[in-house]
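Novice: just coords:
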DNA sequence: GAGCACTGC
């Protein structure tokens, strides 16, 4: 039995005055509430009438819009944004800020002749928001309202509101450094502080200084013809002051959300085994509480699989009268077919139990959840910079942050009053950091540094909300130098510019450029496309491990994972010649390959071929069955990731001090290979090299930069 | 002997 404190507490840790407190409702912060002001431009009624011919569905949509919490503050919001160059808007979940504000700004004429961009950290968000807003505007997406994400652009000359991924806008800087097409840029989900959001926010500050300078508008300097830029930063409640002070004390506005009350319980004592506590808590809910689905937050796949089978075991032993349990695991690497189960309605007399990673915190909203069990744990990727180019990523379980805990609790109150059981004490909650450290402080900066170099900027000089770590910058500089993207004066080389032009990680871009010299671009594009796909090529869940290994043996290649990938892609291409989409899917299913990964890889490859053509790279050049050019190309990009076998069977980095092991998922695991190169190094239970190939030692020695360093 | 989540002309 897990003991929870009998008195529930509020999500932000303050004692509950009322037993059922609305999520995020109380706060002592001084706020500028947004209310319908007197400076109304037009009455709400008039506004709705002006919309296109009103069908029944349209009417319902417009009625719904009027009911959104943000609707009553419309005119005041427009007024504030008109008066201020930068506005920080804090909007709680369900306020409607992301769909409504762009429309308000357009309707008020505030955008002038320019476009309104709304940035999102995730692709799905950008596309689905554009669809939603187009529907509200009673038009097709791609006309007045459009979107732009990688591989998928739906916008036109007529587009005035464009939903884009933040990465897309950063890319756009390369061709249009002052983002001249836009008159308003709305940065949404700014609190997530992704690397791209931070780079964008730093650039926006500089761009606005250029575009809004009064002296320039009088006709002096190059900015004379520039139209001013409005910036709106939108975020969840935390960190408002930080955004505001970054933009010279920008005005902060608050919009209320619409969220059902969530009652929160903390455990009385801290729990040694969070998986076991989650198991007990689930059955306490299942036997004591009324119907409603349960969402359990766990750090990763391993815990999800473990807890899932324990729950199944105990559920089978319950008395017949107890409702059945429908288990739904949910993590990114799960085959999509098994993810859809979550959205289908819970069968009568059953209780759905969703076991999810962080993916359910922001990316996927699950209907019907009434109870949340929060283990208080997550996994975090963190780059450890080590002297010259020998850093590695860690992926370790750690405690979550306050903002994450609040987000998780909020997932219980989407459709009605809910309950959140935190498997940690109230003190533990109070001691959590407010929000996660921004990515710019904990991720590899190599790709961003290269992009900035192309803009004539530098990580050291650009003004960021949080400064990147010195060691991390040095490590990125070293990496780019080794790849030949920067010269010894830290200046961008021709090679570097070409690398930035390719939509690939710098090291993979270098592999493609090497393949150009060695005449094996065709093979390299096949490999690189899979490596830069988001999803994994091979599925691996505990229950089907042996069958999967068996089905895949025909792809295994003795020189390692890169050639194994090439074999898979070649087979898939063969199948694709004759099979329909369903046939390809079926083939993937039988061989335990991820259809999504291969589909994405094919899209990336197509894009890379187009880019190659523009760069005058012959992508049809092939080396046939000669493996040497392919391995040489890989070595050129992965030279930092080379390791030699030691007498004791371990591997030692060539350019760093670490002892590494070959990841168990690699085809070269347990093999004794004199020299290897690898895609990445991840520290979990050991320092593991993932994506490994065997290469002749001489290939590593012949890379120019190593000769340099010896000389 | 093992894989949090995202993104890109």
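Specialist: That came through fine. Source: prediction; values computed, not measured.
Novice: show me where the stretch 101-250 of chain A has helices.
Specialist: Assigned by DSSP state H, counting those that start in this stretch, the stretch 101-250 of chain A shows helices spanning A:123-136, A:166-175, A:195-212, A:214-217, A:240-246.
Novice: nearest to DNA strand B, of these?
Specialist: Evaluated over the helices of the stretch 101-250 of chain A, closeness to DNA strand B peaks at helix A:166-175, with 2.2 Å, by C-beta to the nearest atom of the strand. The way it works is simple: take the backbone N, C-alpha and C, and place the C-beta from them, glycine included.
Novice: give the buried residues for the closest one.
Specialist: Going by neighbour count (16 or more other C-beta atoms under 10 Å), the buried part of helix A:166-175 is A:166, A:167, A:168, A:169, A:170, A:171, A:172, A:173.
Novice: wouldn't the fourth one be in contact with residue A:179 here?
Specialist: Right, residue A:169. Yes. Between residue A:169 and residue A:179 there is a contact at 7.2 Å, judged by C-beta atoms under 8 Å.
Novice: give me the common contacts of the two.
Specialist: Common neighbours of residue A:169 and residue A:179 (criterion: C-beta atoms under 8 Å, 6 or more residues apart in numbering): A:117, A:185.
Novice: got the domain boundaries for chain A?
Specialist: Domain assignment for chain A, taken from automatic domain parsing, gives A:44-255, A:262-315+A:324-340+A:349-436, A:502-701.
Novice: got the ones you listed as a markdown table, with mean pLDDT and distance to residue A:447 columns?
Specialist: Putting these into a markdown table (pLDDT from 0 to 100; distance: least, C-beta to C-beta, whole Å) gives the following:
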| stretch | mean pLDDT | distance to residue A:447 |
| --- | --- | --- |
| domain A:44-255 | 87 | 9 |
| domain A:262-315+A:324-340+A:349-436 | 91 | 12 |
| domain A:502-701 | 93 | 6 |
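Novice: for residue A:472, find the nearest of these.
Specialist: Among the domains of chain A, domain A:262-315+A:324-340+A:349-436 comes nearest to residue A:472, with 4.6 Å by C-beta to C-beta.
Novice: that closest one: end-to-end distance?
Specialist: End-to-end distance of domain A:262-315+A:324-340+A:349-436 (C-alpha to C-alpha, to the nearest Å): 23 Å.
Novice: quick one: is it near DNA strand B?
Specialist: Yes. Using C-beta under 7 Å from any atom of the strand, domain A:262-315+A:324-340+A:349-436 reaches DNA strand B at A:299-302, A:331-333, A:357-359, A:363, A:378-381, A:395.
Novice: these in strands, which ones?
Specialist: Judged by DSSP state E, these include A:378, A:379, A:380, A:381, A:395 as members of strands.
Novice: Three-state assignment for residue A:456, please.
Specialist: With DSSP: H, G, I helix; E, B strand; the rest coil as the basis, residue A:456 sits in coil.
Novice: can you tell me how far it is from DNA strand B?
Specialist: 17 Å (C-beta to the nearest atom of the strand, to the nearest Å).
Novice: what sits up against whichever strand or helix holds residue A:496?
Specialist: For residue A:496, the element it lies in under DSSP states H and E is helix A:494-501. Contacts with helix A:494-501, where a contact means C-beta under 8 Å, 6+ apart, come from A:174, A:450-451, A:453-454, A:480, A:483-486, A:506, A:509-510, A:513, A:611, A:615.
Novice: identify the residue spatially nearest to whichever residue of the stretch 501-650 of chain A sits closest to DNA strand B, adjacent ones excluded.
Specialist: Residue nearest to DNA strand B within the stretch 501-650 of chain A: residue A:540 (3.2 Å; C-beta to the nearest atom of the strand). With C-beta to C-beta, 6 or more residues apart in numbering as the criterion, residue A:540 has its nearest non-adjacent residue at 6.5 Å, and that residue is residue A:548.
Novice: can you tell me the SS state at the one you found?
Specialist: Residue A:548 - assigned by three-state DSSP - is helix.
Novice: what's the burial count for it?
Specialist: Using other C-beta atoms under 10 Å, residue A:548 has 16 other residues around it.
Novice: ok, it - contacts?
Specialist: Counting by C-beta under 8 Å, 6+ apart, residue A:548 has contacts A:538, A:539, A:540, A:592.
Novice: do the same with residue A:94
Specialist: Applying C-beta under 8 Å, 6+ apart to residue A:94 gives the contacts A:69, A:257, A:258, A:259.
Novice: would you mind giving the domains of chain A as CSV with distance to residue A:443 added?
Specialist: Supplementary listing: the domains of chain A in CSV, determined by distance: least, C-beta to C-beta, whole Å:
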stretch, distance to residue A:443
domain A:44-255, 6
domain A:262-315+A:324-340+A:349-436, 5
domain A:502-701, 12
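Novice: closest to residue A:467 out of those domains?
Specialist: domain A:44-255 (10.4 Å).
Novice: surely the residue of the stretch 501-650 of chain A closest to DNA strand B is in contact with residue A:665?
Specialist: Yes. With contact defined as C-beta under 8 Å, residue A:540 and residue A:665 form a contacting pair (6.9 Å).
Novice: next one: the closest residue to DNA strand B within the stretch 301-450 of chain A from residue A:167, what distance?
Specialist: Going by C-beta to the nearest atom of the strand, DNA strand B is nearest to residue A:381 of the stretch 301-450 of chain A, at 2.6 Å. Here the criterion is C-beta to C-beta, to the nearest Å. By it, residue A:381 lies 17 Å from residue A:167.
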